[in-house]
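Colleague: sequence plus predicted model, see below.
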Amino acid sequence: MKNATFRQLRVFNEVARQLSFVRAAENLHLTPPAVTMQIKELESQIGMPLFDRSGKKVSLTTTGEYMVVYARKILALLKDAEDASARLQRAEIGLLTVGMVSTAKYFMMRMLSDFRARHAGVDIRVCTGNREQLIKMLQNNEVDIAVMGQPPSELQTRAEPFAAHPLVFVAACDHPLAQREQLSANDLQPYEFIVREQGSGTRAAMHKFFTAHRVEPRLQMQVNSNETLKQAVMAGLGLGFVSLHTIGSELDHGEIAILDVQSTPVFRVWNMVHTLSKVLSPAAEAFRYEILEQGEQFLAKKFGRHLVLP
């Protein structure tokens, strides 16, 4: 059967479905002799008859019953491939609305740029906010896809992890803790912290870390952006807890120091999230596929050199 064609399989499937060469020919817009020829060629390839023909009555042979199962599987796979190709073609145009937590903008903008280079006809709209704000965007159907850490349990969503997300403690380069090794959570307790606002995923992850170690951190200042937090830390106003993916430039230029704290980095996961009720556009499907395929490799290449594992 190695030389059987998709055309022969389609004809065979339709005859098996109709149990009539004439009706199959009508549905396929072929002549009955053309259908008969395709079946004979397929039977020749297999070396066994696929149909019993008793006058006008047609039925599948035992071989035919087995073969129709596999033919339908092959045709279904072919249809999936054709559908995927069509979606990718349609992905060249349309509007893509991506929501992301503010921490993700440090790498996602570059990934969006790469996506746009491959899909120039797609218009891209970006919405940013903290985790709480992003959940509201999903709930109100304001975004196609959200890039975030922990997916919302209060919504029915499809969450697909695409990369590891390390979070670290940071300090000014001249801070007394910057040169020490194997710090414990208790070693951090005497020092003041700059923290993100309530509703931030980073703030929640820091709280979870200190709760697990039974330490009450000293909160000196609350800010509502990673940029403000980094500037405050570099100015010596306190320690910080941030995503490694937000400090690549500062580490490259020696402007901030990662503290060697036990049980860190704290690893979370980056997720692509959309509500189950949301029918993704071809552009959104194409974007989702590319991030799932390339996200981990992209982040490892960009930030991997700064990641020191315990």
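Modeller: Okay, I see it.

Colleague: quick one: contacts for residue 176?
Modeller: Going by CB atoms under 8 Å, 6 or more residues apart in numbering, residue 176 touches no other residue. (C-beta placed from N, C-alpha, C; glycine too.)

Colleague: in what helix or strand does it lie?
Modeller: Per DSSP states H and E: residue 176 is located in neither a helix nor a strand.

Colleague: quick check: it vs residue 241, distance?
Modeller: Distance from residue 176 to residue 241, counting by CB to CB, to the nearest Å: 18 Å.

Colleague: which stretches in the stretch 1-150 of the chain count as strands?
Modeller: 51-54, 57-60, 94-101, 122-129, 145-148 (DSSP state E, counting those that start in this stretch).

Colleague: let me know the average pLDDT across the first one.
Modeller: So that's strand 51-54. Averaging pLDDT along strand 51-54 yields 87.

Colleague: who touches that strand?
Modeller: Residues from elsewhere that reach strand 51-54 (CB under 8 Å, 6+ apart): 15, 39, 58, 59, 60, 61, 64.

Colleague: now do stretch 224-233
Modeller: Outside stretch 224-233, the residues that reach it (CB under 8 Å, 6+ apart) are 102-103, 106, 130, 170-172, 194-197, 202, 221, 223, 238-240, 242-243, 246-247, 250, 256.

Colleague: list the buried residues of that stretch.
Modeller: 226, 229, 230, 231, 232, 233 (16 or more other CB atoms under 10 Å).

Colleague: JSON lines for those residues, including pLDDT, distance to residue 31 and secondary structure?
Modeller: Listed next are these as JSON lines, based on pLDDT from 0 to 100; distance: CB to CB, whole Å; DSSP: H, G, I helix; E, B strand; the rest coil:
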{"residue": "226", "pLDDT": "91", "distance to residue 31": "69", "secondary structure": "helix"}
{"residue": "229", "pLDDT": "96", "distance to residue 31": "74", "secondary structure": "helix"}
{"residue": "230", "pLDDT": "95", "distance to residue 31": "74", "secondary structure": "helix"}
{"residue": "231", "pLDDT": "96", "distance to residue 31": "78", "secondary structure": "helix"}
{"residue": "232", "pLDDT": "96", "distance to residue 31": "80", "secondary structure": "helix"}
{"residue": "233", "pLDDT": "97", "distance to residue 31": "79", "secondary structure": "helix"}
